[in-house]
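1. Predicted model, plus sequence, below.
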Amino acid sequence: LQVDLSNLLLKCAHCKLCYAGREIFLPICPSAQKYGFEAFRSSGRSALVKSLLEGRLEFSPKLAEIFYAYTGCGACAEQCPLGYDAVTVCEAIRAEIVKRGFGPLPRQKVFVESIIKNHNPYREPHEKRTSWIPKTLNVKKKAEILYFVGCTSSYRTKNIAEATVNVLERLKIDFCISPEEWCCGSPAIRVGVLDIVDELLRHNLKLIKEAGVKKVIFSCAGCYRTFKKDYPRFFKELDFEILHVSEFLSQLIEKEKIKMKEYNKTITYHDPCHLGRHCDIYDPPREILNSIPKVRLLEMPRNRENSWCCGAGGGVKSGLPQFALETGIERVKEAEETGAEILVSTCPFCYRNLVDACKSYEPKITVADLMEILSKVLQ
Amino acid sequence: VVKERDRILNDLENVVGSENVSDDPVIRFAYRDFSSVWPKAVPDYVVRPGSVEEIQVIMRIANREKIPVIPFSAGVSIGGTIAKEGGILLDLRRMNRIIEINRESMYCIVEPGVTYGQLYAELDKKYGDVKLSIPDSSPMCSVLANHTQVGLGEVHSKFEDNPTGVLGIEVVLPTGEVVATGSAAWPGSKWNCRYVLGPDLTGIFLRSMGYFGVITKASIKLYPKPEVSQIYGVGYEDIKFAIKPVRELLQKEIADRIVVRNWGLNLLYKHATVEVPPEIGKGPLPEELLEKWKKETGSPEIQLHITLEGNKEVVDVKERLMKKVISKYNGNAQYLELSETVKRISLEASMGKPSADVVRSILGPRGGYDIAILYTWYDIWPELYNDCKEILRIHGYPPLLSAKTLQHGRASTFRFIFCHFDADNEEECRKIQKVKSELTKLAMEKYKVPSMGLPREVMQQCRNYELLKKIKTALDPNLIMHPSSPLGGE
């Protein structure tokens, strides 16, 4: 997982295009907006990396603070005319920060320890991972399709896991869930704790292999991103297909002409960074929403590649909760201004942070996961 | 020394709050890098003021302590914000309010942190029929900095450069007083007239590169948007054939914008969305490679990009008149099929929309970007162009010329672009600096053509230098503002 920075560190030309959305010119960098100094912007961080590599600057707690104050949303990288991969560079620097004992942040250490002990970052017993599964549901342990639930939906946003299973059941999809699923490794990779990752990945790949799975589907954008982008960095050949549930279902809806009830609501869709910018999945969730009769889909000014991050990613929700909350509030307000009744996302981690944002000021909009909407409208 | 530093830091924190000031090396080193060849430097403190009042107090502290002050608006500058002597870097991006858009009187008032992108979005939302003169720069460039300092906006052929579009400013002087110029000098007045209430004091601060004070607000002209904008490419094998048609098209007010490019710049735009030849910027380039590239681009030596604006009827008439002028002077002119990128950039410029394509076209994967700018006139174009090309050839740099024409053909800029170099590589930067100085020296000594970004020893030969020095001393007795500039500290 070591990264050769010399290949990634393209020379930033300080055009500052990384702060604003293409064509819309609205701010897209939560870190720049919150902290302001150049060091908290992609162009400034690239200058710091150069100074580190060239020996002008040393690793320090302040450097760690700056590199952890980044949600890894990739909004900057999306805009860069030189293709500067800020996310990968930042994660590589975080790994170096950890090696030198300046990271991760104290609250992030707690979840790292929990991953080691419980195989999830939420300090919950591993045995309770599938306790959300309704007793009436007979979930298979072997099938060609595995629903990888992820830690967040297993322990915190169980409603999303329940809705996903409900949708799959009603569509008569032959799928399995593994009670032996472990954390996908994303939280550890994002904060630079790489020495625990190998075991997590090997375990998950082993259980996928043993279940004879051909296709793994995810309702969590973070887990999906990790399987899609990070697992191949360890294990070049993965012999199963990786799909986000929105990809899987949009194909199915189109092919099978699935019937849905009317849902007379205005909805706006939040692109999770791990699904959109990181994996280029923008259309499937919109296609599903547009296929529901009577749904009116309204776009926020910052959408798709230009989306404003929910604020939770990159270890920020645990490490810098206030930053995460403020970023989430800004997103909910933007959603509210569209006049939509429901803010829909496709990631339990975005969902959690957006719900937390709503708790802080009671907006006139509710948050839902796409699977929750779908489970309501499937006939 | 540490106590001294802590005391100053404490004073600055009392002004802007601890979250807006830092002397931590990590915060400071982030301001070190920029894309041009100038030596990189790190400030002692970074301060983010949020108001004019805060800047006033900071200036008083800086004066008391005799600390240099360097204003930083958006950080897109190619050499204006170098903290060569350390000091306080004023990051002005918190001050990013569009104070007023006055559609009736066609101006807007902005703070230093407002970018062209931000202002365009606001204008587009509220008034679809007016525009700003946007430069060939990043949409994230500061409107105030570009307009008050060095900008050449898209109205250059119709009017002049961007500082001409500044109607008045508010400045915090190095000693902490606030002054306003133009009609803004009268409390409560509109900021719509420049030449009232005494001599033109706005002009003193324009192009002063931050050494007379911190400009905190500027009133900038707005222009009507045309209904139609059409760009034409006309090629010549020799720049001498371009002079007469360009002059006539400008003097008869047929063309609304003429940009002159040579084949080298065309090469960059051709490669805007694909890989740029890796040899560019690494120099020295073998002549045969240059010739090969020239053939590959299929470009004549010189291209005129002529933009006509108006409503459809007007543009049709202008097109007929333009073609008449081109054929009148012949010169084996050939009409060119311009790339979609060039057409889009021109159309967006006419509509006042800043384009990231401009940045994408010029920047390469090594980030460096710099320009030698000469203010020239038309009769000497052929000799000057060939002499400059020869200097570039000797040093192994491809000639990348973009010449912008000013109103009625009174003058034009010759901008030789250096890009695709490593701005952190001292040797590469020194080499380009040497070539830039040779170009400037040639232009100033042989052709008497003034240039920009001159070193102090050359500025000292100018007949305005003593007056500038007197003004500088009067306004900035402790010489704290931007001391590495030609008029900075002795």
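-> Sure thing, it's come through. These numbers were taken from a predicted model, which means no experiment stands behind them.

2. switch to C-alpha atoms for all contacts and neighbour counts from now on
-> OK.

3. For the residue of the stretch 101-250 of chain B found nearest chain A, what is the enclosing helix or strand?
-> The minimum distance from the stretch 101-250 of chain B to chain A, using C-alpha to the nearest C-alpha, falls at B:Gly117 (5.1 Å). Here B:Gly117 sits within helix B:116-126, counting by DSSP states H and E.

4. Which residues does that helix contact?
-> When contacts are defined by C-alpha atoms under 8 Å, 6 or more residues apart in numbering or on different chains, helix B:116-126 is touched by residues A:24-26, B:98, B:101, B:130-132, B:134, B:139-143, B:352-354.

5. The next helix or strand after it and chain A in contact?
-> Moving toward the C-terminus from helix B:116-126, the next helix or strand (DSSP H and E) is strand B:130-131. No. Judged by C-alpha under 8 Å from any C-alpha of the partner chain, strand B:130-131 stays clear of chain A, getting no closer than 15.5 Å.

6. how many neighbours does the closest residue to A:Cys29 other than its chain neighbours have?
-> By the measure of C-alpha to C-alpha, 6 or more residues apart in numbering or on different chains, the closest residue to A:Cys29 outside its immediate chain neighbours is A:Tyr19, 5.5 Å from it. Applying other C-alpha atoms under 10 Å in any protein chain shown, we find 25 residues neighbouring A:Tyr19.

7. same question, B:Glu100
-> Neighbour number of B:Glu100 under other C-alpha under 10 Å is 12.

8. next one: the one 4 residues further on
-> Residues lying near B:Glu104 (other C-alpha under 10 Å) number 6.

9. and if you look at B:Gly128?
-> 14.

10. so what pLDDT did it get?
-> With respect to pLDDT, B:Gly128 scores 92.

11. Next one: residue 1, what pLDDT does it get?
-> Just so you know, I chose chain A. 42.

12. sorry, should have said chain B
-> B:Val1 is given a pLDDT of 65.

13. ok, what's across the strand from the nearest residue to B:Ser350 once chain neighbours are set aside?
-> Nearest residue to B:Ser350, sequence neighbours excluded (C-alpha to C-alpha, 6+ apart): B:Ser229, at 6.5 Å. Note on B:Ser229: beta-bridge partners by DSSP bridges are B:Glu309.

14. So which residue is smack in the middle of the chain?
-> Chain wasn't specified; assuming chain A. For chain A, A:Gly222 is the residue whose C-alpha lies nearest the centre (C-alpha atoms, centre = their mean; 3.3 Å).

15. Let me rephrase: I mean chain B.
-> Central residue of chain B (C-alpha atoms, centre = their mean): B:Gly151, at 3.4 Å.

16. you'd agree that one is up against B:Asn162?
-> Yes. With contact defined as C-alpha atoms under 8 Å, B:Gly151 counts as touching B:Asn162 (5.1 Å).

17. wait, what's in contact with the residue of the stretch 351-490 of chain B found nearest chain A?
-> Residue nearest to chain A within the stretch 351-490 of chain B: B:Gly367 (4.3 Å; C-alpha to the nearest C-alpha). Residues near B:Gly367 by C-alpha under 8 Å, 6+ apart: A:10-13, A:82, B:35, B:419-423.

18. how about a cut-off of 7 Å?
-> Taking C-alpha atoms under 7 Å, 6 or more residues apart in numbering or on different chains, we find B:Gly367 in contact with A:11-13, B:35, B:420-423.

19. Secondary structure and neighbour count for these - can I get that in CSV?
-> Below are these laid out as CSV (DSSP: H, G, I helix; E, B strand; the rest coil; neighbours: other C-alpha atoms under 10 Å in any protein chain shown):
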residue, secondary structure, neighbour count
A:Lys11, coil, 26
A:Cys12, coil, 30
A:Ala13, coil, 29
B:Ser35, coil, 27
B:His420, strand, 24
B:Phe421, strand, 27
B:Asp422, strand, 25
B:Ala423, coil, 27
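
20. can you list contacts of stretch B:312-327?
-> B:228, B:245, B:249, B:254, B:308-309.

21. By neighbour count, which of these wins?
-> Going by other C-alpha under 10 Å, B:Leu308 tops these with 26 neighbours.

22. I figured it was touching B:Asp256, is that so?
-> Yes. Contact criterion C-alpha atoms under 7 Å: B:Leu308 and B:Asp256 qualify, at 5.3 Å.

23. Which per-residue confidence value corresponds to B:Ala272?
-> At B:Ala272, pLDDT is 53.

24. And B:Gly80, by the same measure?
-> 57.

25. Could you do B:Ala83 as well?
-> 78.

26. Assess the claim that it and B:Pro71 are in contact.
-> No. Under the criterion of C-alpha under 7 Å, B:Ala83 is not in contact with B:Pro71, lying 9.6 Å apart.

27. So what pairs up with the residue of the stretch 351-490 of chain B closest to chain A in the strands?
-> Beta-bridge partners, per DSSP bridges, of B:Gly367: B:Asp422.

28. Extract the residue ranges of chain B that are flagged as low pLDDT.
-> B:1, B:79-81, B:269-278, B:280-284, B:364-365, B:486-490 (pLDDT under 70).

29. interface residues of it facing chain A?
-> Neighbours of chain A within chain B, by C-alpha under 7 Å from any C-alpha of the partner chain: B:26-27, B:29-31, B:33-35, B:76, B:117-118, B:121, B:138, B:140, B:360, B:364-368.

30. again, 6 Å this time
-> Neighbours of chain A within chain B, by C-alpha under 6 Å from any C-alpha of the partner chain: B:27, B:30, B:33-35, B:76, B:117-118, B:138, B:140, B:360, B:365-367.

31. Now rank these by neighbours and give me the top one.
-> B:Phe34 (32 neighbours).

32. any idea how far that one is from B:Phe421?
-> Going from B:Phe34 to B:Phe421 by C-alpha to C-alpha, to the nearest Å gives 12 Å.

33. next one: A:Asp356
-> 47 Å.

34. does whichever residue of the stretch 201-350 of chain A sits closest to chain B sit in a helix or strand, and which one?
-> At 11.6 Å from chain B, A:Pro301 is the closest residue in the stretch 201-350 of chain A, using C-alpha to the nearest C-alpha. Using DSSP H and E, A:Pro301 falls within no helix or strand.

35. what do you get for A:Lys333?
-> Per DSSP H and E: helix A:321-337 holds A:Lys333.

36. buried sites along that helix?
-> Using 16 or more other C-alpha atoms under 10 Å in any protein chain shown as the test for burial, helix A:321-337 gives A:321, A:323-336.

37. Filter the contacts of helix B:116-126 down to the buried ones and hand me the PyMOL line.
-> Restricted to buried positions by 16+ other C-alpha under 10 Å, the PyMOL selection for the contacts of helix B:116-126 reads:
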select buried, (chain A and resi 25+26) or (chain B and resi 98+101+130+131+132+134+139+140+141+142+143+352+353+354)
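
38. Counting only strands, which of the contacts of helix B:116-126 make the cut?
-> Among the contacts of helix B:116-126, DSSP state E puts B:98, B:101, B:130-131 in strands.

39. Reformat those residues into a markdown table and put distance to A:Leu63 next to each item.
-> A markdown table is the format used below for these (distance: C-alpha to C-alpha, whole Å):
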| residue | distance to A:Leu63 |
| --- | --- |
| B:Ile98 | 33 |
| B:Ile101 | 41 |
| B:Val130 | 45 |
| B:Lys131 | 42 |
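
40. which non-adjacent residue is nearest B:Ile101?
-> B:Cys108 (4.3 Å).
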